[in-house]
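Q: I would like the atomic coordinates for the input below:
(2 chains)
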Amino acid sequence: DTEVTQTPKHLVMGMTNKKSLKCEQHMGHRAMYWYKQKAKKPPELMFVYSYEKLSINESVPSRFSPECPNSSLLNLHLHALQPEDSALYLCASATTDRFEKLFFGSGTQLSVL
Amino acid sequence: AQSVTQLDSQVPVFEEAPVELRCNYSSSVSVYLFWYVQYPNQGLQLLLKYLSGSTLVKGINGFEAEFNKSQTSFHLRKPSVHISDTAEYFCAVSGARNTDKLIFGTGTRLQVFP
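A: Now for the predicted structure:
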């Protein structure tokens, strides 16, 4: 199994909603990442978890809250988002946090109304 | 700190023609270099990477890239493209000794026409 699975694939939410994005991998990778990608732009790193501990937080607003309940799962909790947060949210994993080979999921396309 | 520049935002090409997607980087330290491809509504997939050793790197789908330290370039090439190569291509760089950041270029849209 060489896949990173993200759910849901599409999500529409209002600015007062609370929702969660989920990411799962069963490759034994110990580093997991959240990226945000706006249309026609490169991915921007949001968070890195290494051995289930948050190792990088790229000054992301607190309305985004990551969680790594175990080595296979990564969640991104969303609360009180703004329309400008609409984007493709990509999860990735790697053997270590050295970026030598990232495996990306297909992403969750998020629309905030 | 590292940075990467992809000068061409779009590259149109006919099927079976050769293609080169340009990538230049800036860094004061040794680097790792990567090319990723993103098909519509998909995540990114690693095409190839340069970590050390031979400067000519071969990747998946018939792509290759050459690391040129003197020109600080890592251009991606394919001798004959297919319609299915139509996608967004991202060059990326990280420091070889400090790999806590992977910096992506702005991407090049490869459009292959029949």
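Q: show me what the helix or strand of chain B with the lowest mean pLDDT is packed against.
A: The element with the least model confidence among the helices and strands of chain B, by mean pLDDT, DSSP states H and E, is strand B:103-104, at a mean of 89. Taking 3 or more Cβ pairs under 8 Å, 6 or more residues apart in numbering or on different chains; DSSP states H and E as the contact definition, the neighbouring helices and strands of strand B:103-104 are strand B:3-5, strand B:87-95. Heads up, the C-betas are built off the backbone N, CA and C, glycines and all.
Q: could I get the CA-only coordinates of the longest one as CSV?
A: What follows is strand B:87-95 as a C-alpha-only set of coordinates in CSV (Å, rounded to 0.1, in the frame of the first residue of the first chain):
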residue,chain,number,x,y,z
ALA,B,87,0.0,18.6,-16.1
GLU,B,88,1.5,21.1,-13.8
TYR,B,89,5.2,20.6,-13.0
PHE,B,90,6.8,21.9,-9.8
CYS,B,91,10.5,22.2,-9.2
ALA,B,92,11.5,22.1,-5.5
VAL,B,93,14.6,22.6,-3.4
SER,B,94,15.7,21.8,0.2
GLY,B,95,19.0,22.3,2.0
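Q: for it, which positions count as buried?
A: Buried residues in strand B:87-95, defined by neighbour count with 16 or more other Cβ atoms under 10 Å in any protein chain shown: B:87, B:88, B:89, B:90, B:91, B:92, B:93, B:94, B:95.
Q: helix or strand with the lowest mean pLDDT in chain A?
A: Across the helices and strands of chain A, mean confidence by mean pLDDT, DSSP H and E is lowest for strand A:53-57: a mean of 87.
Q: what is that strand packed up against?
A: For strand A:53-57, the packing partners by 3+ Cβ pairs under 8 Å, 6+ apart come out as strand A:44-50, strand A:64-70.
Q: what does chain B put close to chain A?
A: Contact residues of chain B with respect to chain A, defined by Cβ under 8 Å from any Cβ of the partner chain, are listed as B:32, B:34, B:41-46, B:49, B:51, B:90, B:94, B:99-102, B:104-107.
Q: ok, of these, which come out buried?
A: Buried by 16+ other Cβ under 10 Å: B:32, B:34, B:42-46, B:49, B:51, B:90, B:94, B:101-102, B:104-107, out of these.
Q: re the thing from before, which ones among the residues of chain B next to chain A lie within strands?
A: Secondary-structure check on the residues of chain B next to chain A using DSSP state E: residues within strands are B:32, B:34, B:44, B:45, B:46, B:49, B:90, B:94, B:104.
Q: and which of these is nearest chain A?
A: Of all these, residue B:104 has the smallest distance to chain A: 3.6 Å, by Cβ to the nearest Cβ.
Q: what residues are up against the most centrally placed residue in chain A?
A: Residue closest to the mean C-alpha point of chain A, counted by Cα atoms, centre = their mean, is residue A:34 at 3.1 Å. Residues in contact with residue A:34, defined by Cβ atoms under 8 Å, 6 or more residues apart in numbering or on different chains, are A:23, A:45, A:46, A:47, A:66, A:74, A:76, A:89, A:90, A:91.
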